[in-house]
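Visitor: Give me coordinates for this.
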Amino acid sequence: MENILQHIGIENYIFLSALLFCIGVFGVLYRRNAIIMFMSIEIMLNAVNLLFVAFSTYHQDAQGQVFVFFSMAVAAAEVAVGLAILVAIFRNLGSIDIDNLKNLKG
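Guide: The predicted model follows:
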C-alpha cells in the first residue's frame, strides 16, 4: 500500500491546516456571538489536529495520531462545559452576545 502523502504531498495538508486556522482566528476576532466563537476555536483545534495526523503519517509514527485522539476527547469535554456555561448565561441575560457579558463584571 502506498503512502497517501506521496500522491497529495504534505504541503497541501499544511496549506489546508493554515487556511482552517486563519478562518478560526478571524471567527474569534470578528464575531460577537459566543457560539460562533466556540465553533471557531474548534476549527482552530481541528486544524492543529490535521497537522498532527499529517506529520504522523509523513514520519510513519503513530504518536501524533494518539495525541489527536486524546486532544479530541479533551475538546469534547471542553465543548460540553462551554455550552453549559452559555446556557446558564442565556437563562440569566436572555442573550449570548459577548458585549452583554461585560455587565457581569461588578
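
Visitor: State the helix or strand in which the residue nearest in space to the middle of the chain lies.
Guide: Nearest to the geometric centre of the chain sits residue 42, at 2.2 Å (Cα atoms, centre = their mean). According to DSSP states H and E, residue 42 maps onto helix 34-58.

Visitor: Following the chain past that helix, name the next helix or strand.
Guide: Following helix 34-58 toward the C-terminus (DSSP H and E): helix 63-93.

Visitor: now the helix holding residue 42, how far from the centre of its chain.
Guide: For helix 34-58, the separation from the chain centroid amounts to 4 Å (computed by Cα atoms, centre = their mean, to the nearest Å).

Visitor: That helix - contacts with which helices or strands?
Guide: Other helices and strands packing on helix 34-58, by 3 or more Cβ pairs under 8 Å, 6 or more residues apart in numbering; DSSP states H and E, are helix 4-8, helix 10-30, helix 63-93. (Glycine included, C-beta is placed from N, CA and C.)

Visitor: Could you check the angle the longest one makes with helix 34-58?
Guide: Right, the one you point to is helix 63-93. Per axes from the mean of the first three to the mean of the last three Cα atoms, to 10 degrees, the angle that helix 63-93 makes with helix 34-58 is 180 degrees.
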